[in-house]
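>>> give the three-dimensional model of this entry:
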Amino acid sequence: MGDNTTRWTVTVSKETDIAVRSLLAQRGLKKGDLSKFIEDAVRWRVFDQTIAETRAGFADIAPEDLQDLIAEATEAVRNDMRQSLISTSTKEL
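Coordinates of the predicted model:
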């Protein structure tokens, strides 16, 4: 994790502590790997909640309309990337 870390103090049930430490031990991981495990779990949870909120935000849009929006956004990003690559390559000449 390096120099860019923050120390947390967390409280979990004894059952959760035993389950996580047993899982880590079964996989041959050490005590220090608990921090990495927790960070990965938190990242996945944040990602999962973000996806759920995004899906809820688009729940009232018909699938065909949503697909059209996705295609339009994808095309816009591709065009921007093409323009960026073209301008970069012409600057190098």
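>>> ranges for the helices of the chain?
Using DSSP state H, the helices of the chain run over 14-26, 33-57, 63-92.
>>> any idea how far the residue positioned nearest the centre of the chain is from residue 40?
Compute the mean C-alpha point of the chain, and by Cα atoms, centre = their mean the closest residue is residue 47, 4.7 Å away. Taken as Cβ to Cβ, to the nearest Å, the spacing of residue 47 relative to residue 40 amounts to 11 Å. Placement of C-beta: from N, CA and C, glycine included.
>>> same deal with residue 65?
Distance of residue 65 to residue 40, computed by Cβ to Cβ: 35 Å.
>>> what is the neighbour count of the closest residue to residue 69 other than its chain neighbours?
Here the nearest residue to residue 69 in space, its sequence neighbours aside, is residue 61; by Cβ to Cβ, 6 or more residues apart in numbering that works out to 7.5 Å. Around residue 61 sit 12 other residues, with neighbours defined as other Cβ atoms under 10 Å.
>>> residue 61 reaches residue 70, doesn't it?
No: contact status for residue 61 versus residue 70: not in contact, 10.6 Å apart, counting by Cβ atoms under 8 Å.
>>> count of neighbours near residue 60?
Residue 60: 7 surrounding residues under other Cβ under 10 Å.
>>> so what pLDDT did it get?
Per-residue pLDDT puts residue 60 at 95.
>>> just want the phi and psi numbers for it.
According to degrees, to the nearest 10, the main-chain angles of residue 60 amount to phi -90, psi 10.
>>> mind checking how far the helix or strand of the chain with the lowest mean pLDDT is from the chain centre?
Using mean pLDDT, DSSP states H and E, the weakest-scoring helix or strand in the chain turns out to be helix 63-92, at a mean of 91. Per Cα atoms, centre = their mean, to the nearest Å, the displacement of helix 63-92 from the mean C-alpha position of its chain is 22 Å.
>>> again with stretch 60-70
Stretch 60-70 sits 23 Å away from the centroid of its parent chain (Cα atoms, centre = their mean).
>>> what sits up against that stretch?
By Cβ atoms under 8 Å, 6 or more residues apart in numbering, the residues outside stretch 60-70 that reach it are residue 58.
>>> now do the buried residues in it.
Buried residues in stretch 60-70, counted by 16 or more other Cβ atoms under 10 Å: none are found.
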